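Sequence and predicted structure are below.
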Amino acid sequence: MKLVVQRVLSASVEVDKKIVGEISKGYLVLFGAGAGDTEKDCERLSEKLVNLRIFSDENDKINLSLKDVSGELLIVSQFTLYADCRKGNRPSFVNAEKPERANELYEYFVSLCRQKTSTKVETGIFGADMKVSLVNDGPFTVILE
């Protein structure tokens, strides 16, 4: 499982010209499920995500979590995080989880994030053609695996 976490001032996701998820200050999270990932991976990474401390405190030290800054989450599925570009110029996605199972893991991950935090948690639509907009804060981007 891979998460690309971007600290944002705002972010939104649009499907068919309609906003389906939108947040202000918080994290835009791109979620990718790999072949063989489990619910245990979701549990471990959701805990890591909601407690991740990448906001600045009053001394400008990276020390605060979502909870500390009343931040929000926008979680968007993105199987292309498992693109393998080592051979040729066309990516292979053999390491990505199959869509049905990936969606189960995505939904489970989102539900865990909602349980573990009192913050607003928004999503995209699994498998849809999504347009993601963000105002990156920093920029500050981390990858969790």
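Now that the structure is in, tell me what you want to look at.

quick one, what contacts residue 143?
2-5 (Cβ atoms under 8 Å, 6 or more residues apart in numbering). The C-beta positions use only the backbone N, C-alpha and C, and glycine is treated the same way.

try residue 56
Contacts for residue 56 (Cβ under 8 Å, 6+ apart) come out as 62-64.

Please produce JSON lines containing these, extended by secondary structure and distance to residue 132.
Formatted as JSON lines, the contacts of residue 56 follow (DSSP: H, G, I helix; E, B strand; the rest coil; distance: Cβ to Cβ, whole Å):
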{"residue": "62", "secondary structure": "strand", "distance to residue 132": "24"}
{"residue": "63", "secondary structure": "strand", "distance to residue 132": "28"}
{"residue": "64", "secondary structure": "strand", "distance to residue 132": "24"}
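
Report the beta-bridge partner residues of the residue nearest the centre of the chain.
For the chain, residue 29 is the residue whose C-alpha lies nearest the centre (Cα atoms, centre = their mean; 1.9 Å). According to DSSP bridges, the partner residues bridging residue 29 are residue 5, residue 75.

from memory it sits against residue 8, does it?
No. Contact criterion Cβ atoms under 8 Å: residue 29 and residue 8 do not qualify, at 10.0 Å.

Residues in contact with both of the two, list them for me.
residue 74.

now what about the longest helix along the chain, what contacts it?
In the chain, assigned by DSSP state H, the helix with the most residues is helix 99-116. Under the contact criterion Cβ under 8 Å, 6+ apart, helix 99-116 has outside partners 1, 31, 33, 37-39, 41-43, 45-47, 49-50, 73, 75, 77, 79, 96-97, 121, 123, 126-127.

same question, stretch 121-132
11-15, 20-23, 28, 72-77, 99, 102-103, 106-107, 110, 113-114.
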